[in-house]
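In: kindly return the folded structure for what I paste below:
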Amino acid sequence: MYGRIDAHVNEQHQNQGRLESLSFYQKKLLLHAMKFPGVKKIVYSTCSTFAEENEDVIAAVLNESDSFALKKALPAWPHRLSNPNYPWADLCLTADHQHDRTDGFFVALLQKVKVKRKNWDGQPENYEYE
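Out: I've put the predicted structure just below:
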């Protein structure tokens, strides 16, 4: 529901343990989905603006799985994620109260690569996708 951002932010800051628990579970779900033999693309989306649930989860999953890489999610979307810790952050999109009049969300597109990658360099053009 729009307009609950202040309550949501205050709740999250008060309960760091819940945030850690959610991100742990989100990583498990993504890694499980990556094991499905027919899966080619996975869209990961949250109704959150917290790095722990968003880019930190994507980074952890990319470190654990060499069968997927990021592609630019919704290329026409004007607001890209910006995080100096992750050079690939602009491949993900975000929405927030200030720019989009939403409580916030995050979207990342993971796509299966034809050849397992050695490490994620953040450059989707360096991979051939299925």
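
In: dig out what the residue nearest to residue 47 when sequence neighbours are not counted forms beta bridges with.
Out: With Cβ to Cβ, 6 or more residues apart in numbering as the criterion, residue 47 has its nearest non-adjacent residue at 5.2 Å, and that residue is residue 105. Backbone N, C-alpha and C define where each C-beta goes, glycine included. Counting by DSSP bridges, residue 105 forms beta bridges with residue 95.

In: residue 105 and residue 67, how far apart?
Out: Taking Cβ to Cβ, to the nearest Å as the measure, residue 105 falls 26 Å from residue 67.

In: now what about stretch 62-73, what contacts it?
Out: For stretch 62-73, the surrounding residues in contact (Cβ atoms under 8 Å, 6 or more residues apart in numbering) are 27, 31, 34, 41-43, 58, 61, 88, 90-93, 107-113, 116-118, 120, 122, 124, 127, 129.

In: separate out the buried members of those residues.
Out: Buried members of the contacts of stretch 62-73, scored by 16 or more other Cβ atoms under 10 Å, are 27, 34, 42, 58, 61, 88, 91-93, 107-113, 120, 124, 127.

In: among these, name the ones in helices.
Out: Using DSSP state H, the members of those that fall within helices are 27, 58, 61.

In: so where is this protein shaky, pLDDT-wise?
Out: Scanning the chain for pLDDT under 70 picks out 1-14, 100, 117-124.
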